[in-house]
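1. Whatever this is, show me its structure:
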Amino acid sequence: MLVVETVVRIRREHANGKAIKAIARDLRLSRKVVRKAIRAPEGAFDYHRTVQPLPRLGPFQERLDTLLTENEARHRRDRLRMTRIHDLLCREGFEGSYDAVRRYARRWAEARRKDAVNADRRFPRSADIKFPSLGFR
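-> This is a model prediction of the structure:
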């Protein structure tokens, strides 16, 4: 990843007439990266993946969701660790890494938290409801 200072330096040297090949050689970057930095509209350029492919986890995603839901319903002391959940999936034929399971579980938990917060905002609490027809305000 390039920092803004490097992008600015690339643009300055290019504006002074230095060749792309020379800039790439001096900064030890590929010519493709140098061209990208010159053409980028802003100071920095990023690549953001829109969809994360799950090639190994895909067939086991439904089972993992079930395990995570069951695990969340358990008492805190009785919950399974991610290593144990990974072991259970491996016994069922999963060949992926522990990190893939851990990353998926983290994203799953964050999504659940966001859903819970949004649900809380959608429904007003009883103290927020007003009953003008009954004389309460």
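
2. CA atoms for contacts and neighbours, from now on please.
-> Fine.

3. helix or strand for the most centrally placed residue in the chain, which one?
-> Central residue of the chain (Cα atoms, centre = their mean): residue 107, 7.1 Å from the mean position. Assigned by DSSP states H and E, residue 107 falls within helix 98-122.

4. Tell me the buried residues in that helix?
-> Residues of helix 98-122 classed as buried: 98, 101-102, 104-105 (neighbour count, 16 or more other Cα atoms under 10 Å).

5. Show the residue spans covered by the strands in the chain.
-> With DSSP state E as the criterion, the chain has no strands.

6. Below-threshold pLDDT in the chain: ranges please.
-> Along the chain, the model assigns pLDDT under 70 to residues 1, 42-48, 118-137.

7. tell me the domain ranges of it?
-> Following automatic domain parsing, one gets these domains for the chain: 4-39, 58-122.

8. Point out the most buried one among those domains.
-> Counting by mean count of other Cα atoms under 10 Å, domain 4-39 has the highest mean neighbour count of those, with a mean of 15.

9. what separates it from the chain centre, distance-wise?
-> Put simply, domain 4-39 sits 30 Å off its chain's centre (Cα atoms, centre = their mean, to the nearest Å).

10. What's the end-to-end length of that domain?
-> Criterion Cα to Cα, to the nearest Å; first-to-last residue distance in domain 4-39 is 14 Å.

11. Return the member of the buried residues of helix 98-122 nearest to residue 71.
-> residue 105 (11.0 Å; Cα to Cα).

12. residues touching the closest one, list them.
-> Counting by Cα atoms under 8 Å, 6 or more residues apart in numbering, residue 105 touches residue 68.

13. how close does it sit to residue 33?
-> Residue 105 is 35 Å from residue 33, by Cα to Cα.

14. any idea how far the residue nearest to the centre of the chain lies from residue 59?
-> Here residue 107 is placed at a distance of 17 Å from residue 59 (Cα to Cα).
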